[in-house]
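Colleague: kindly return the folded structure for what I paste below:
(chains A and B)
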Amino acid sequence: AQSVTQPDIHITVSEGASLELRCNYSYGATPYLFWYVQSPGQGLQLLLKYFSGDTLVQGIKGFEAEFKRSQSSFNLRKPSVHWSDAAEYFCAVGLFSGGYNKLIFGAGTRLAVHP
Amino acid sequence: DTEVTQTPKHLVMGMTNKKSLKCEQHMGHRAMYWYKQKAKKPPELMFVYSYEKLSINESVPSRFSPECPNSSLLNLHLHALQPEDSALYLCASSQEASGRGLGFQETQYFGPGTRLLVL
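Modeller: Predicted coordinates:
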């Protein structure tokens, strides 16, 4: 069955430090992959997406992600974290099921940033 | 512009009340979605509308009744809810709902959500 795993439930980093959030997926075909961010009490904002082509994709707010087919991974990175990056991060796979596209979300990773 | 708006932001209702949540987008998207999100959990798909027709109902109880009056609007009518229905209700839209392999058409954009409390 298709699934998305975010191994880290909670991560804490210092402001200015680098960040990597892990995401692994299980899907037979070439997946559509997304990273969304959710601030407390807010909706989900799309950070970036991968469909095909260059495996390193750039997103908003200085984030990037790399698709590695051999590792079934789509990890999110940022070279220098800002306090405003504290939020919940969801990795998602878009899959085609029953004639329609669905998003399968990981459980999320909560990021805390120390000053 | 990738904005999806939702009203109200917060809603408190009793178990015998009838209320509605509203969602609006002006991006020309033909697919709209309702999700339910409990605290510290990822969103769970409830309904998918494609070209104003209900396409997917993820076995949602009938006390939730979706409606799509036109291609820009999506409502969720609530009646006789239970306290366990308290959650953040998210609306999303995408250019298309049925995959054609182009990916970008199926990218979903989310609204800010309505936080619902059922007493």
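Colleague: ends of stretch A:12-20, how far apart?
Modeller: Criterion Cα to Cα, to the nearest Å; first-to-last residue distance in stretch A:12-20 is 11 Å.
Colleague: list the contacts of it.
Modeller: Residues outside stretch A:12-20 that contact it (Cβ atoms under 8 Å, 6 or more residues apart in numbering or on different chains) are A:11, A:75-83, A:85, A:111-115. In short, each C-beta sits where N, CA and C put it, glycine included.
Colleague: could you check how far B:T16 is from B:L78?
Modeller: The spacing between B:T16 and B:L78, counted by Cβ to Cβ, to the nearest Å, is 11 Å.
Colleague: hmm, back to that, out of the contacts of stretch A:12-20, who's the most crowded?
Modeller: For the contacts of stretch A:12-20, the largest neighbour count, defined by other Cβ atoms under 10 Å in any protein chain shown, is 24 neighbours, found at A:L76.
Colleague: which of B:T16 and B:L78 has more neighbours?
Modeller: Set B:T16 next to B:L78 and count neighbours by other Cβ under 10 Å: B:L78 wins out with 20 against 8.
Colleague: contact partners for the residue positioned nearest the centre of chain B?
Modeller: Centroid-nearest residue in chain B, with Cα atoms, centre = their mean: B:W34, separated by 2.3 Å. B:W34 makes contact with B:C23, B:L45, B:M46, B:F47, B:P66, B:L74, B:L76, B:Y89, B:L90, B:C91, according to Cβ under 8 Å, 6+ apart.
Colleague: just B:V4 next, same as before
Modeller: A:G43, B:C23, B:E24, B:Q25, B:C91, B:A92, B:S93, B:Y109, B:F110, B:G111.
Colleague: and those residues as JSON lines, adding distance to B:V60?
Modeller: Converted to JSON lines, the contacts of B:V4 look like this (distance: Cβ to Cβ, whole Å):
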{"residue": "A:G43", "distance to B:V60": "20"}
{"residue": "B:C23", "distance to B:V60": "16"}
{"residue": "B:E24", "distance to B:V60": "21"}
{"residue": "B:Q25", "distance to B:V60": "21"}
{"residue": "B:C91", "distance to B:V60": "14"}
{"residue": "B:A92", "distance to B:V60": "16"}
{"residue": "B:S93", "distance to B:V60": "19"}
{"residue": "B:Y109", "distance to B:V60": "22"}
{"residue": "B:F110", "distance to B:V60": "18"}
{"residue": "B:G111", "distance to B:V60": "18"}
